[in-house]
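Enquirer: Quick check, what structure comes out for this input:
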Amino acid sequence: MTDDPSLDVLALVIACIGVAMAAASLLWQVLKHFLDGGRVKVQLNIGVWHPGRILWTNHEGQLKLEYEDVKKRGLDFFEVGQLVVENPTRTPVTIHSSGLFFTGTGHKNHTSVPVSFEAGDLGADSPTTDQVVRLEPYDRVSYLFEFWPQAQRAFTRTESHEIEIRGYTRIAGRGRKNHKSSRHKRWRVNRDEYTALGGLDKIAPFTVIWRHLYLSLPKKYPGSGRFPVHRDDADYLLRMAMARFNERPPREDLDKALREIRKTEDFDGGAFGLALINAYEELDRLDDNLDGWLTGIPQLLVKGARDQTEDSALGADDSR
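Expert: Modelled structure (predicted):
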């Protein structure tokens, strides 16, 4: 204390400034620690994918695409989820267990790690199937997976009419903490929903069966011997089998048609049973929203399949 009160006030002000600067410095050091540490940015997009051809996604993170825009591409697609994980920091991080985070199912920390697709070279959107990935500073990685079956499985765990879905990943060394996509861009999905394509009233049975058949087949032939059917054969093979029928046949009849065509086209072996069981269950669920059986099957293919069936029947009669 001094005899001059003004000096005392000045000393107190200087001391307060010093304390404030020290506190600000400490706060900055704490913030810098977290900013320089491993962090990730997660985004969940909906997209449509034609294997080997094109992937088209809504990069705004909304659960919506316009069917008219998709139809202009002139290809058959099935809907997929795209999970993008970015490292916006200067510190490398290792991520793992990336997938979907559900709320509204009545189960805390309800997550799912879907099986990811390989989709070839799609530039910046080229997906990986590795669950453990090291991201260098400012690096990114994406995953591609079937979305609607994942959503429907989540509804089996709740009686709720609506659930919310976000993308998530985990960072190695951070325990089981889920790093999720933006809460403001979370997807609200109703139990009765089956597509994100606005303007699509009916879904083609071919699309439903194709995605199940495609996923059930191997990615490539093994190095030795012959595998029954490659997944890239699923498109043509299924169209040929469906073209034999004017309306949805019993599952066993479609399975038989697939096997007969496989044999005709010199495919040896193969199992379609489980894929068709899953596909027919989805067809039953979507019954009111299904288009005609032959939607998307070219008429020339229908004629060719019928002619082939008739020739096979005549050959059987001649053999008698």
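
Enquirer: Model confidence at the closest residue to Leu144 other than its chain neighbours, what's the number?
Expert: Setting aside the residues directly before and after it, Leu144 is nearest to Pro127 in space (C-beta to C-beta, 6 or more residues apart in numbering), at 3.9 Å. C-betas here are computed from N, CA, C, even on glycine. At Pro127, the model reports a pLDDT of 90.

Enquirer: quick one, what contacts Pro127?
Expert: 82, 116-119, 142-144 (C-beta atoms under 8 Å, 6 or more residues apart in numbering).

Enquirer: Widest-spaced pair of the residues you listed?
Expert: Gln82 and Glu118 (13.8 Å; C-beta to C-beta).

Enquirer: more neighbours, the two?
Expert: Neighbours were counted for Gln82 and for Glu118 using other C-beta atoms under 10 Å; Gln82 has more, 23 against 12.

Enquirer: and the more buried one, which of the three is it?
Expert: Per DSSP: H, G, I helix; E, B strand; the rest coil, the secondary structure class of Gln82 is strand.

Enquirer: Return the set of residues that bridge with it.
Expert: Asn45, Leu144 (DSSP bridges).

Enquirer: Do I have it right that it meets Val42?
Expert: No - Gln82 sits out of contact with Val42 when judged by C-beta atoms under 8 Å, with a separation of 11.5 Å.

Enquirer: Helices of the protein, start to end?
Expert: Applying DSSP state H to the chain gives helices spanning 5-36, 67-71, 148-155, 205-216, 234-242, 251-264, 273-285, 299-319.

Enquirer: ok, back up a step: out of the contacts of Pro127, which end up buried?
Expert: When the contacts of Pro127 are checked for burial by 16 or more other C-beta atoms under 10 Å, the buried set is 82, 116-117, 119, 142-144.

Enquirer: pLDDT-wise, what's the bottom of these?
Expert: Among the buried ones among the contacts of Pro127, Ala119 carries the lowest pLDDT, at 79.

Enquirer: Could you report the neighbour count for Asn190?
Expert: Quick note: Asn190 (other C-beta under 10 Å) scores 12 neighbours.

Enquirer: Ok, the one 3 residues further on next?
Expert: Close neighbours of Glu193, defined as other C-beta under 10 Å, add up to 15.

Enquirer: for Leu75, same thing?
Expert: By other C-beta under 10 Å, neighbour count at Leu75 equals 13.

Enquirer: that older thread, okay, the helices of the chain in TSV with mean neighbour count, mean pLDDT and distance to Gly198 next?
Expert: Supplementary listing: those in TSV, determined by neighbours: other C-beta atoms under 10 Å; pLDDT from 0 to 100; distance: least, C-beta to C-beta, whole Å:
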stretch	mean neighbour count	mean pLDDT	distance to Gly198
helix 5-36	10	72	39
helix 67-71	14	85	6
helix 148-155	18	88	15
helix 205-216	22	88	16
helix 234-242	21	89	25
helix 251-264	17	84	31
helix 273-285	16	90	21
helix 299-319	12	64	29
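
Enquirer: Now do the same for stretch 173-190: mean pLDDT, whole number.
Expert: Mean per-residue pLDDT for stretch 173-190: 91.

Enquirer: got a list of contacts for it?
Expert: Contacts to stretch 173-190, defined as C-beta under 8 Å, 6+ apart, come from residues 38-40, 42-44, 46, 60-63, 94, 101, 103, 109, 111, 151, 161-171.

Enquirer: which non-adjacent residue is nearest Arg211?
Expert: Using C-beta to C-beta, 6+ apart and skipping residues adjacent in sequence, the residue nearest Arg211 is Phe78, 4.1 Å away.

Enquirer: That neighbour and Ala196: what is the separation?
Expert: In this view, Phe78 and Ala196 are 11 Å apart by C-beta to C-beta, to the nearest Å.

Enquirer: just checking, Asn278 touches Tyr214?
Expert: No - with contact defined as C-beta under 8 Å, Asn278 does not count as touching Tyr214 (11.9 Å).
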